[in-house]
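# What follows is a predicted structure for the sequence shown.
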Amino acid sequence: NEKIEFVWNAAVEGIQGDGAVTGLTLRDTVDGSVRELPIEGLFVAIGNDPRTHLVHGKLDLTAEGTIAVDGRSSRTSAPGVFAAGDVIDPSYRQAITAAASGTVAALDAEHYLAALEDH
């Protein structure tokens with residue numbers, strides 16, 4: 001869509017508007033230049049690398065670097081360890097999908113603990 005502009009290597013210095021966003025002040029993180037950008041909408045992406053370095057060598061990871069889970073569950077390769085949110089989602093990386101994934105992980109953990117009590 002020609003109305004969408006991706007702005008890389010930029011930090012938001014200011015947001016303009018009164019009741020609705022009308023513009024941004026952006027600082028280029030490479031050369032330090034500042035520019036004004038008129039806008040009608042805004043979507044901020046803060047990075048694309050999953051933060052899984054703490055589990056390297058401890059849990060199975062996918063080719064994308066996310067934590068591998070069993071199907072639609074949150075079960076990982078280690079019994080009793082569950083993963084949720086952006087560390088398992090190479091596609092959407094949205095707060096709402098991360099929240100839903102957290103609910104799945106909580107339910108999976110509850111079922112896991114209940115099964116331990118039954119033994």
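Thanks, I have it. Here the structure is a predicted model, which is why all the values come from computation and not from measurement.
# so how many other residues sit close to the closest residue to residue 68 other than its chain neighbours?
The shortest distance from residue 68 to any non-neighbouring residue, by Cβ to Cβ, 6 or more residues apart in numbering, is to residue 60 (4.2 Å). Placement of C-beta: from N, CA and C, glycine included. Using other Cβ atoms under 10 Å, residue 60 has 11 neighbouring residues.
# Please apply the same query to the one 5 residues further on.
Around residue 65 sit 15 other residues, with neighbours defined as other Cβ under 10 Å.
# picking that back up, make sure the residue nearest to residue 68 is actually in contact with residue 81.
No - if you go by Cβ atoms under 8 Å, residue 60 and residue 81 don't touch, sitting 10.6 Å apart.
# thinking again about what came up before, please report the distance of the residue nearest to residue 68 from residue 88.
Distance of residue 60 to residue 88, computed by Cβ to Cβ, to the nearest Å: 11 Å.
# what's around residue 35, how many residues?
By other Cβ under 10 Å, 12 other residues sit near residue 35.
# Name every strand pairing with the helix or strand encompassing it and say which way it goes.
Using DSSP states H and E, residue 35 sits in strand 34-38. Counting by DSSP bridges, the strands paired with strand 34-38 are strand 21-28 (antiparallel).
# Pull out the buried positions in the strand it pairs with.
By 16 or more other Cβ atoms under 10 Å, the buried positions in strand 21-28 come out as 24, 26, 27.
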